[in-house]
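A.B. asks: Output the structure for:
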Amino acid sequence: MRILLIEDDTVLGAAVRDQIAAGGQSVDWVTRLDAAGDAMAGTGYDLVLLDLMLPDGRGITFLRSLRTSGDVTPVIILTALDQISDRIEGLNAGADDYLVKPFDLAELSARIGSVARRYSGNPNPIIVHGALAVDLASRSIRRDGRPVQLTAREWALFEAFLTRPGHLLSKAQLEEKLYAFDTEVESNTIEVHVSRLRKKLGAEVIETERGLGYRLGSP
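C.D. replies: You can find the predicted model right below:
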């Protein structure tokens, strides 16, 4: 997943960013709503983590604007506003979840996973794909019953295929899943990671459409 974090508290923002990155997901962190708008205009995100009180405005207004424009990107609100009326306002504005500060980082990871599964059409965190049993909740894989270890970037890439079975993903789309704006992308990065995934998970797990991209192979 590629996640946009909109949070002006530098201590909390850094903690959330590191938690997300440790889970194998890519995160872009901005501290203002204008920067968030620019980021979303140029990048397709799988999830937005949104604070409600930003230096240049209210997150709730930003969220309403997204939904009015037809943007359906999942949004989890992260805020110190803990009144029931605040929660109702956030959910009615189009938020998918609402988490009150201070919160446990492990709970945030669980909420992110829950929203991701809901949108990918996989409420059951266990996916069986041929010889592979993939536990989305614990981010673990077994191949013929034996555990397979993936790096964070390998997991992020494989998750992109899992959540869009049958869809052809271009090299550019896959690069977006792997890296934040400030990370240099080598020209052969995707090819290298796909090759490693095939060695670990099976040669047939990812199919290549020459010149077009890659897709999850048939089980």
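A.B. asks: wait, doesn't Glu108 sit right on Arg17?
C.D. replies: Just to correct that, residue 108 is Leu rather than Glu. No - checked against Cβ atoms under 8 Å, the pair Leu108 and Arg17 is beyond contact range at 11.4 Å. In this view, the C-beta of every residue, glycine as well, is placed from N, C-alpha and C.
A.B. asks: need the strands for the protein, in chain order.
C.D. replies: Listed in chain order, the strands found in the chain under DSSP state E are 2-6, 26-30, 47-50, 53-54, 57-58, 75-79, 97-100, 126-129, 132-135, 140-143, 146-148, 206-209, 213-216.
A.B. asks: Just the C-alphas of the second one, formatted as PDB.
C.D. replies: Output for strand 26-30, consisting of C-alpha atoms alone and laid out as PDB, is shown next (Å, rounded to 0.1, in the frame of the first residue of the first chain):
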ATOM      1  CA  SER A  26       5.200   3.100   1.500                       C
ATOM      2  CA  VAL A  27       4.300   6.400   3.200                       C
ATOM      3  CA  ASP A  28       4.500  10.000   2.200                       C
ATOM      4  CA  TRP A  29       4.200  12.500   5.100                       C
ATOM      5  CA  VAL A  30       3.000  16.100   4.800                       C
END
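A.B. asks: Which residue, neighbours along the chain excluded, lies closest to Met40?
C.D. replies: Spatial nearest neighbour of Met40, excluding adjacent residues (Cβ to Cβ, 6 or more residues apart in numbering): Leu4 at 6.6 Å.
A.B. asks: For that neighbour, list the residues it contacts.
C.D. replies: Leu4 sits next to Val27, Asp28, Val30, Ala36, Ala39, Met40, Thr43, Tyr45, Leu47, Val48, Leu49 when contact means Cβ atoms under 8 Å, 6 or more residues apart in numbering.
A.B. asks: and which of the residues you listed is nearest Leu132?
C.D. replies: Minimum separation from Leu132 among those (Cβ to Cβ) is found for Leu47, which lies at 24.2 Å.
A.B. asks: which residues touch that closest one?
C.D. replies: For Leu47, the contact set (Cβ under 8 Å, 6+ apart) comprises Met1, Ile3, Leu4, Thr73, Pro74, Val75, Ile76, Ile112, Val115, Ala116.
A.B. asks: just these now: which is nearest Leu197?
C.D. replies: Met1 (16.8 Å).
A.B. asks: What residues sit buried inside stretch 140-147?
C.D. replies: Within stretch 140-147, the residues scored as buried using 16 or more other Cβ atoms under 10 Å are Ile141, Arg143.
A.B. asks: And stretch 211-219, by the same measure?
C.D. replies: Judged by neighbour count using 16+ other Cβ under 10 Å, the buried positions of stretch 211-219 are Gly213, Tyr214, Arg215, Leu216, Gly217.
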